[in-house]
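>>> Need the 3D shape of this:
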Amino acid sequence: MPAHPEVTIREPVVAKTPVETEVSSSENIAGPEIDIAEAQFEGKVIEAISTVFDPEIPVNIYELGLIYNIDINGMKDVRIDMTLTSPACPVAGTLPGDVERVVQTVEGIGGVAVELVWEPSWTPDRMSEAAKLELGFM
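So this is what the prediction gives:
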């Protein structure tokens, strides 16, 4: 089973007055709607990332398992940890910038930060089943 990136959606930190700390019934009703909106936003971020391809591999980088973590806070700032198939990959200097650029096009996005990480090392086990099938690993 491929390892899917961890997606974390955090609420913004907001100081509350004593009156605001009481939970109203309308806040309880709005909870699921917020979760749906957050999931839809996360899906749009993943959809944007999925448009980026390593030029040497005919599979998008999300399906390749190059995205290790997507962290979205309540202000819709996105932090992405990604890797490459190899530290010697010729697109090491450009692929993270490509990811940042496409994610910045998502409607409602706050800031975007992409960090290139090398631990854990990428292996073909991180690929989705669709990517493995496309590349003849199955």
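>>> okay, now the nearest residue to residue 127 once chain neighbours are set aside: neighbour count?
Closest residue to residue 127 apart from its sequence neighbours, by Cβ to Cβ, 6 or more residues apart in numbering: residue 65 at 5.0 Å. Every C-beta, even on glycine, is put in place using the N, C-alpha and C of the backbone. Neighbours of residue 65 under the rule other Cβ atoms under 10 Å: 24.
>>> can I assume residue 65 is in contact with residue 128?
Yes - counting by Cβ atoms under 8 Å, residue 65 touches residue 128, with 7.0 Å between them.
>>> What segments of the protein are helices?
25-49, 95-103, 129-134 (DSSP state H).
>>> Just give the closest residue to residue 60, not the sequence neighbours.
residue 50 (4.6 Å).
>>> can you list the weak-confidence ranges in this protein?
Confidence mapping of the chain against pLDDT under 70 gives the ranges 1-34.
>>> just the strands in it please.
Using DSSP state E, the strands of the chain run over 6-9, 67-72, 78-82, 112-116.
>>> Could you identify which of these is most buried?
Among these, strand 78-82 has the highest mean neighbour count (mean count of other Cβ atoms under 10 Å), at a mean of 21.
>>> Show me what that strand is packed up against.
Judged by 3 or more Cβ pairs under 8 Å, 6 or more residues apart in numbering; DSSP states H and E, the packing partners of strand 78-82 are strand 67-72, helix 95-103, strand 112-116.
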